[in-house]
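[1] Quick one, what's the 3D model for this:
(chains A and B)
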Number of protein chains: 2
Amino acid sequence: MESLKQRIQADGIVLPGNILKVNSFLNHQIDPILMQEIGMKFKQIFDDQPINKILTIEASGIAPALMTGLAFQVPVVFARKSKSSTLDSENYHAEVISYTKHTTNQILVDQKFLNDNDHVLIIDDFLANGEAVHGLIEICKQAQCTLDGIGIVIEKAFQPGGQQLRQEGYPLYSLVRIKSLADGKVTFMEE
Amino acid sequence: MESLKQRIQADGIVLPGNILKVNSFLNHQIDPILMQEIGMKFKQIFDDQPINKILTIEASGIAPALMTGLAFQVPVVFARKSKSSTLDSENYHAEVISYTKHTTNQILVDQKFLNDNDHVLIIDDFLANGEAVHGLIEICKQAQCTLDGIGIVIEKAFQPGGQQLRQEGYPLYSLVRIKSLADGKVTFMEE
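    Okay, here's the model as predicted:
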């Protein structure tokens, strides 16, 4: 997605430790016009699937997921993060380990909002090691829904999450794939 | 907003303790079409103001705020919640006390995204005691921006937040105002 690449080059900030900060348009300040374009792009990519629900995780997945839901005209469900590890019978539960933050979050989705009739598209802002997406896949398994696609805004392709998901056979599409953040410079994968 | 009232009557669930659950369309599962309508309604209400930024708080404020930002074609900033009380010089900070959850959250906004040139519209999903909105007002004061409006999706008008904000002179508009949740029934204020 050319406009997204240009925006990352213009406004993304590369920090030591392979960190790409895009908080001026994606995950703290949000550009709603770019988000709408992202939603329409995901619609175009997954348009041949009978998707009836978008699934994401709070907080920074909500904006691209909402615009994708608008493009598909289907509901958006966001998994809630919870520090508590109490299991209850009302929710699906999965654990999301963050290697970067050294934390484990429980994520929850109310069982009312996902079931075996659903055809789900998972949307998230970033894919690096794939912890969040694997948590959402686990939720889909518990709900016995059909996972028709995984759409990622920015994939850090030098980290293993994307490759692993593709090897496992998941229909993953990332709008941009970053090959390297070396020397403070963003280099994209060739298309 | 008539369509929102009808949706609350159809899908809202009243629980003991004056709790209104609207997690099937607003704050867990989200209806993007309704959110777009809400964004356009806020645009209509605050259209005479020179608003150039929408401010909200994660996670459930993001959806109505994003659609309001789309309607105004301006950026949306969401305050992040943080358990840490460490103050730093990069962010504006405010405390949000939740009387219902008995917790205190620090909320943060990066100083890069709000300054004295900004004309801000605060958007949030619920207004009850007004803790979150007061936290966002405190952030606006620190940024020395102009607060041009406060837009709320659902106001629980039997709790003191709304009345207090109006007495303090803030330009507050709530799309629906709930008079009572007694006997498991949603009663709206007369317009």
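[2] Just give the closest residue to the spatially most central residue of chain A, not the sequence neighbours.
    Most central in chain A under Cα atoms, centre = their mean is residue A:124, positioned 1.4 Å from the mean C-alpha point. For residue A:124, ignoring the flanking residues on the chain, the nearest one in space by Cβ to Cβ, 6 or more residues apart in numbering or on different chains is residue A:61 at 4.7 Å. Any C-beta I mention is one placed from the backbone N, CA and C, and that applies to glycine too.
[3] contacts for the host helix or strand of residue A:71?
    According to DSSP states H and E, residue A:71 maps onto helix A:62-72. When contacts are defined by Cβ atoms under 8 Å, 6 or more residues apart in numbering or on different chains, helix A:62-72 is touched by residues A:26-27, A:30, A:32, A:35-36, A:38-40, A:42-43, A:51, A:54-56, A:75-76, A:78, A:121, A:123-125, A:151, A:153, B:30, B:32-33, B:35-36, B:59, B:62-63, B:66-67, B:76.
[4] Can you show me the CA trace of it as PDB?
    The C-alpha trace of helix A:62-72 is given here as PDB (Å, rounded to 0.1, in the frame of the first residue of the first chain):
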ATOM      1  CA  ILE A  62      -9.700  -0.800  17.100                       C
ATOM      2  CA  ALA A  63      -9.200   2.000  14.600                       C
ATOM      3  CA  PRO A  64      -8.100  -0.100  11.500                       C
ATOM      4  CA  ALA A  65     -10.700  -2.800  12.500                       C
ATOM      5  CA  LEU A  66     -13.500  -0.300  12.800                       C
ATOM      6  CA  MET A  67     -12.900   1.000   9.300                       C
ATOM      7  CA  THR A  68     -12.600  -2.500   7.900                       C
ATOM      8  CA  GLY A  69     -15.900  -3.300   9.600                       C
ATOM      9  CA  LEU A  70     -17.400  -0.200   8.000                       C
ATOM     10  CA  ALA A  71     -16.100  -1.300   4.500                       C
ATOM     11  CA  PHE A  72     -17.600  -4.800   5.000                       C
END
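[5] which element follows it toward the C-terminus?
    strand A:76-82.
[6] Can that following strand be said to contact chain B?
    Yes - interface with chain B: strand A:76-82 contributes A:76, A:77, A:78, A:80 (Cβ under 8 Å from any Cβ of the partner chain).
[7] which parts of the longest strand along chain A are buried?
    Assignment by DSSP state E gives strand A:146-156 as the longest strand of chain A. Within strand A:146-156, the residues scored as buried using 16 or more other Cβ atoms under 10 Å in any protein chain shown are A:147, A:148, A:149, A:150, A:151, A:152, A:153, A:154, A:155, A:156.
[8] State the pair within those residues that is farthest apart.
    In these, two members sit farther apart than any others by Cβ to Cβ. They are A:148 and A:156, at 23.9 Å.
[9] Is it correct that residue A:85 is in contact with residue A:105?
    No - Residue A:85 lies out of contact with residue A:105 (Cβ atoms under 8 Å); the separation is 9.7 Å.
[10] Show me which residues of chain A sit near chain B.
    Proximity of chain A to chain B, by Cβ under 8 Å from any Cβ, involves residues A:23-25, A:28-33, A:35-36, A:58-59, A:62-63, A:66-67, A:69-70, A:73-78, A:80, A:109-110, A:112-113.
[11] right, and residue A:53 touches residue A:123 too?
    No - using Cβ under 8 Å, residue A:53 makes no contact with residue A:123, being 10.8 Å away.
[12] So the two - more neighbours on which side?
    Comparing residue A:53 with residue A:123 by other Cβ atoms under 10 Å in any protein chain shown, the one with more neighbours is residue A:123, at 31 against 23.
[13] With just CA atoms, put the longest strand of chain A into PDB.
    Output in PDB follows, covering the C-alpha atoms of strand A:146-156 (Å, rounded to 0.1, in the frame of the first residue of the first chain):
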ATOM      1  CA  THR A 146     -14.200 -20.000  10.500                       C
ATOM      2  CA  LEU A 147     -11.100 -17.800  10.300                       C
ATOM      3  CA  ASP A 148     -11.200 -16.400   6.700                       C
ATOM      4  CA  GLY A 149      -8.300 -14.000   7.000                       C
ATOM      5  CA  ILE A 150      -5.700 -12.100   9.000                       C
ATOM      6  CA  GLY A 151      -5.000  -8.500   7.900                       C
ATOM      7  CA  ILE A 152      -2.100  -6.600   9.400                       C
ATOM      8  CA  VAL A 153      -1.300  -2.900   8.900                       C
ATOM      9  CA  ILE A 154       2.500  -3.100   9.500                       C
ATOM     10  CA  GLU A 155       4.500  -6.300   9.600                       C
ATOM     11  CA  LYS A 156       8.000  -6.300  10.900                       C
END
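[14] and it, which strands flank it?
    Counting by DSSP bridges, the strands paired with strand A:146-156 are strand A:119-127 (parallel), strand A:172-180 (parallel).
[15] would you turn those strands into TSV with mean pLDDT?
    Below are the strands paired with strand A:146-156 laid out as TSV (pLDDT from 0 to 100):
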stretch	mean pLDDT
strand A:119-127	98
strand A:172-180	98
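[16] Reformat these as a markdown table; add distance to residue B:17.
    Shown next, in a markdown table, are these (distance: least, Cβ to Cβ, whole Å):
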| stretch | distance to residue B:17 |
| --- | --- |
| strand A:119-127 | 33 |
| strand A:172-180 | 43 |
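[17] need the helices for chain A, in chain order.
    A:2-11, A:32-45, A:62-72, A:131-143, A:161-167 (DSSP state H).
[18] between these, which one is nearest to residue B:189?
    With Cβ to Cβ as the measure, helix A:62-72 is the member of those nearest residue B:189 (28.7 Å).
[19] where are the low-confidence patches of chain A?
    Per-residue confidence for chain A (pLDDT under 70) gives these ranges: A:191.
[20] on that earlier part again, and the contacts of helix A:62-72, which are buried?
    Neighbour counting by 16+ other Cβ under 10 Å classes A:26-27, A:30, A:32, A:35-36, A:38-39, A:42-43, A:51, A:54-56, A:75-76, A:78, A:121, A:123-125, A:151, A:153, B:30, B:32-33, B:35-36, B:59, B:62-63, B:66-67, B:76 among these as buried.
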